[in-house]
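Participant: okay, structure incoming, though there's no sequence with it:
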DNA sequence: CTCGTAGTTTGACAGCCACCGTAGTACGGT
DNA sequence: ACCGTACTACGGTGGCTGTCAAACTACGAG
């Protein structure tokens, strides 16, 4: 659950404002499972999966916690390698790293999403 | 992650010494994920899976922790619904509830086991 | 520049938890 | 009954963590 800042120059040019994330090959199972074991974070991941690859800013998730707690959760998800975040204006846009996760742990994300509780409400587009 | 002691009379007669466990239909994803997120517990589950349904007593797992910590880990796994335990003489025998888990969360256990680090050593028969 | 909004940092809090050591229980063999 | 072995209960420790409030930063519109 620790990694060096892997943002390369190439990456900076392709996606300005990208926040640091662990490379797919370095994702750790215990870290991913731990991140998914929190109901708030599982809900974030479920809603991102339901958005079908669309980017959602943090406000798109109407979670019953404060903004600072949401910041914490998004950070845990990013550092575990579950989500990708980049800055766009005043917003942080989030996507699920579904392809990376499937490549690293085949079937895991699908099984977790299938097992996750249904989302309380549909995600509003930002 | 809480349940009432569900041991029924029928169950008592079929398997004396069975310790309380949650019914398969009541397994909670967050609880299961949390139990699997600890490397020691993941290793226990992996070794039980590798034993192909054989019962293993607690000593069969040469984990780098004390016996009292192992007791704690086995308890977490049992209460999360991942393992079944029953007393046999002075030993506690453990099996993986693979069928229950597959029924409740299809594909999850397989994906986790496929992703888990390889066991450091083969499990000695008790 | 000001303002509003999205998001972050910081510190605090209370509960959780992996781990340990110690003393104890449960069981079976002698 | 005693003994050895498998396992547990209990208390303690230090670190972790979800959560919050308050102050702050980053950004873009006007």
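Facilitator: Structure received. Because the structure is predicted, anything quoted here is derived from the model rather than measured.
Participant: which strands or helices does the longest helix along chain A pack on?
Facilitator: Looking across chain A with DSSP state H, the single longest helix is helix A:67-80. With contacts taken as 3 or more Cβ pairs under 8 Å, 6 or more residues apart in numbering or on different chains; DSSP states H and E, helix A:67-80 sits against helix A:29-36, helix A:39-50, strand A:83-88. The C-beta positions use only the backbone N, C-alpha and C, and glycine is treated the same way.
Participant: residues of the shortest one that come out buried?
Facilitator: If I follow you right, that is strand A:83-88. By neighbour count on 16 or more other Cβ atoms under 10 Å in any protein chain shown, the buried set for strand A:83-88 is A:83-86.
Participant: need the contact list for residue A:71.
Facilitator: residue A:58 (Cβ atoms under 8 Å, 6 or more residues apart in numbering or on different chains).
Participant: for residue A:69, that is, sorry about that
Facilitator: Residue A:69 neighbours (Cβ under 8 Å, 6+ apart): A:40, A:63.
Participant: for chain A, what lies in contact range of DNA strand D?
Facilitator: Residues of chain A lying near DNA strand D by Cβ under 7 Å from any atom of the strand: A:17, A:34, A:38, A:40, A:64-69, A:72-73, A:76, A:87, A:89-90.
Participant: please redo it, this time with the cut-off set to 6 Å
Facilitator: Within chain A, the residues that sit near DNA strand D (Cβ under 6 Å from any atom of the strand) are A:38, A:40, A:65-66, A:68-69, A:72, A:76, A:87, A:89-90.
Participant: can you put those in TSV and add pLDDT?
Facilitator: TSV is the format used below for the residues of chain A next to DNA strand D (pLDDT from 0 to 100):
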residue	pLDDT
A:38	97
A:40	97
A:65	96
A:66	96
A:68	96
A:69	97
A:72	97
A:76	98
A:87	94
A:89	93
A:90	94
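Participant: give the buried subset of these as a PyMOL selection command.
Facilitator: Typed into PyMOL, the next command selects the buried ones out of the residues of chain A next to DNA strand D (criterion: 16+ other Cβ under 10 Å):
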select buried, chain A and resi 38+40+76
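Participant: now flag whichever of the residues of chain A next to DNA strand D is closest to residue B:108.
Facilitator: residue A:38 (16.8 Å; Cβ to Cβ).
Participant: where are the low-confidence patches of chain A?
Facilitator: A:1-16, A:120-126 (pLDDT under 70).
Participant: close to DNA strand C, is the longest helix of chain A?
Facilitator: Yes: residues of helix A:67-80 are located near DNA strand C by Cβ under 6 Å from any atom of the strand, namely A:67-68, A:71, A:74.
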